[in-house]
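**Student:** generate coordinates for the sequence data below:
(one chain, ligands or ions: 1)
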Amino acid sequence: MQPSRQDHGVLSFEDLNSYCTGEHNYLLAHWDSLSQDERFSLARQITQIDLGLLQRELKSQVQTCDASELSRRAMPPEAIRFSDRTPELIEQAMRLGGQAIRSGQVAMVLVAGGQGTRLGFDQPKGMYAIGPISGRTLFQMHVDSLRAAMKRYGVSIPFLVMTGPSTDQPTREYFSSNANLGLSQDDLLIFQQGTMPAIDATTGRILMESRSSIALSPDGHGGIVRALAKSTWLEQAKSRGIRYLFYAQVDNPLVRACDPLLIGLHILKGSQATTQVVQKRFATEKVGNVVEVDGKTQIIEYSDLPEEIAKQTNPDGSLKLWAGNIAVHVFDVEFLDRCSQSAEALPFHRALKAVAHVDHLGNLHEPKAPNAIKLERFVFDLLPAAEKALVVEALASESFAPVKNAIGSATDTPRSCQKAIVDLHRKWLTDAGARVDENCVVEIHPAWAWDEQDVKQRISHPVSIHCDTYFT
Ligand code: UTP
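**Tutor:** Next up, the predicted model:
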């Protein structure tokens with residue numbers, strides 16, 4: 001059967017067939033058996049794929065870069081180390097960061113478009129209850145921190161949430177049914193990132209998730225550049241005088257929203273793209289390695305860094321490539337806008353994954369072993385594109401506790417994250433002179449104290465803190 005344009009309102013079979021330029025006609029293998037709605041949805045999916053771009057990506061034999069060759073030339077990055085933080089530098093940066101926030105030049109984006117496969121939670125990761133006592137969700141933890149920043153600086157700060165195809169609808173519903181977690185509607189923008197089709201690793205063909213839909217997955221956190229450009233937010237931000245975008249991941253509730261120190265250092269050093277790092281605990285730790293190659297700051301994924309290079313040490317025994325990426329960044333809006341104007345600004349990375357799919361006969365295959373190539377862009381590939389990039393070291397205990405894996409796994413679980421929150425809040429309290437038993441669980445809401453200084457103002461004389469106290 002050859003359906004006409006009226007069949008589904010978008011394109012005829014012939015149009016789609018020629019859109020597929022012969023090479024991808026297999027996408028229409030089940031066309032005859034599809035309902036009108038299914039045809040409509042398949043036609044939309046097909047026409048949303050940039051087949052030319054996909055074809056070019058797949059034909060290029062070279063990976064976006066030869067990681068092991070790159071690793072051999074990698075040097076530690078020039079960075080503001082934690083020990084370089086003099087009181088004068090802190091004071092100057094806090095002043096600049098504070099001024100930028102207070103004058104409405106800062107917005108925050110939280111990337112929450114990933115599928116959260118490893119956590120094995122059936123809702124968007126942001127809805128996971130992580131507060132050790134409060135049970136606040138990851139989304140709440142970030143918004144509470146942001147609202148504390150708004151209160152401190154007396155300004156409203158736009159909050160952007162990037163979702164993906166599987167997290168978009170539930171995230172929107174979550175925010176709207178929880179009164180936007182206290183944010184005004186004007187301060188909140190939820191936008192969806194793009195997708196890329198999964199490719200059969202053997203045949204190079206696009207995989208079908210069902211007879212009427214393509215196996216699509218989010219195009220990586222680097223998809224933020226394209227998605228922001230599509231949403232016209234960058235244009236509006238520039239005209240509203242927003243100059244800096246603070247970037248964080250939904251799965252790290254220890255991050256301080258719009259950290260004034262990091263923003264201040266970014267401004268002070270004239271950076272376009274700043275990244276916060278922590279000292280790696282051991283050579284092969286599973287974090288991206290922030291390095292410098294040919295004078296450019298770059299990140300080499302742990303999986304791409306040969307072990308012998310990861311294990312290189314300095315004469316004092318410390319790791320040569322010490323800087324671990326924690327995905328907390330500050331970007332100049334101008335710089336993001338420039339990058340968004342070139343579709344190729346960020347390269348694609350390929351990952352081999354097991355992807356369930358339907359074949360041309362309509363049979364479902366659920367492979368256990370990787371069978372497909374997924375193409376993703378990574379936000380940190382913006383760093384080498386910056387004329388000036390900055391690397392700032394933070395302490396992991398104060399800024400990094402990711403929720404990646406399910407309870408019971410060895411690392412980066414909800415339990416390890418909760419422990420990190422409790423340890424940090426207990427330290428703030430004891431440093432302020434309070435007595436807290438070292439096994440006591442405590443939690444501080446950012447409205448009570450956003451940082452260590454706030455806690456010192458709250459605790460004016462030595463007090464004993466009861467276990468399970470939630471300061472709110
Ligand atoms: P991860 O790469 O750790 O992925 O994302 P994930 O989706 O959370 O979990 P797994 O790998 O499926 O288990 C790091 C951050 O980047 C966001 C995630 O939501 C998380 O905040 N991300 C990732 C996106 O926003 N979009 C993507 O396409 C990928």
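**Student:** contacts and neighbour counts: CA atoms only from here.
**Tutor:** Fine.
**Student:** what parts of the stretch 51-200 of the chain come near the ligand?
**Tutor:** With CA under 6 Å from any ligand atom as the criterion, the stretch 51-200 of the chain meets the ligand at residues 111-119.
**Student:** show me which of these are buried.
**Tutor:** By the neighbour-count criterion of 16 or more other CA atoms under 10 Å, these include these buried positions: 111-116, 119.
**Student:** could you find the closest non-adjacent residue to residue 192?
**Tutor:** residue 163 (4.7 Å; CA to CA, 6 or more residues apart in numbering).
**Student:** wait, the one you found touches residue 113, no?
**Tutor:** Yes - the pair residue 163 / residue 113 is scored as a contact, 3.8 Å apart, by CA atoms under 8 Å.
**Student:** tell me, what's touching those two both at once?
**Tutor:** When contacts are counted by CA atoms under 8 Å, 6 or more residues apart in numbering, residue 163 and residue 113 are jointly contacted by 192-193.
**Student:** need the strands for the stretch 201-350 of the chain, in chain order.
**Tutor:** For the stretch 201-350 of the chain, applying DSSP state E, counting those that start in this stretch gives strands covering 208-210, 213-214, 216-218, 244-249, 273-279, 289-293, 296-300, 323-332, 349-353.
**Student:** one step back: export the residues of the stretch 51-200 of the chain next to the ligand to TSV and tack on pLDDT, secondary structure and distance to residue 397?
**Tutor:** What follows is these, written out as TSV (pLDDT from 0 to 100; DSSP: H, G, I helix; E, B strand; the rest coil; distance: CA to CA, whole Å):
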residue	pLDDT	secondary structure	distance to residue 397
111	98	strand	22
112	98	strand	23
113	96	coil	26
114	92	coil	24
115	88	coil	26
116	91	coil	23
117	89	coil	25
118	93	coil	23
119	96	coil	22
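**Student:** where does pLDDT dip in the stretch 301-450 of the chain?
**Tutor:** Residue ranges of the stretch 301-450 of the chain with pLDDT under 70: 343-344.
**Student:** list the contacts for the residue in it that the ligand sits nearest to?
**Tutor:** Proximity of the stretch 301-450 of the chain to the ligand (CA to the nearest ligand atom) peaks at residue 404, 5.9 Å away. Residues in contact with residue 404, defined by CA under 8 Å, 6+ apart, are 116, 118-119, 251, 412-414.
**Student:** against residue 118, how distant is it?
**Tutor:** Distance of residue 404 to residue 118, computed by CA to CA, to the nearest Å: 6 Å.
**Student:** also residue 442?
**Tutor:** 28 Å.
**Student:** ok, residue 415 next?
**Tutor:** 15 Å.
**Student:** repeat for residue 231
**Tutor:** 29 Å.
**Student:** re the thing from before, does the residue of the stretch 301-450 of the chain closest to the ligand count as helix, strand or coil?
**Tutor:** At residue 404 the chain is in coil, as set by DSSP: H, G, I helix; E, B strand; the rest coil.
**Student:** next one: the helix or strand containing residue 15 to chain centre, how far?
**Tutor:** Taking DSSP states H and E as the definition, residue 15 sits inside helix 13-19. Remark: helix 13-19 is offset 36 Å from the chain centroid, using CA atoms, centre = their mean, to the nearest Å.
**Student:** what's the mean pLDDT across it?
**Tutor:** Helix 13-19 comes out with an average pLDDT of 72.
**Student:** can you give me the strands for the stretch 51-200 of the chain?
**Tutor:** Along the stretch 51-200 of the chain, the segments classed as strands by DSSP E, counting those that start in this stretch run 106-112, 159-163, 188-192, 195-197, 199-200.
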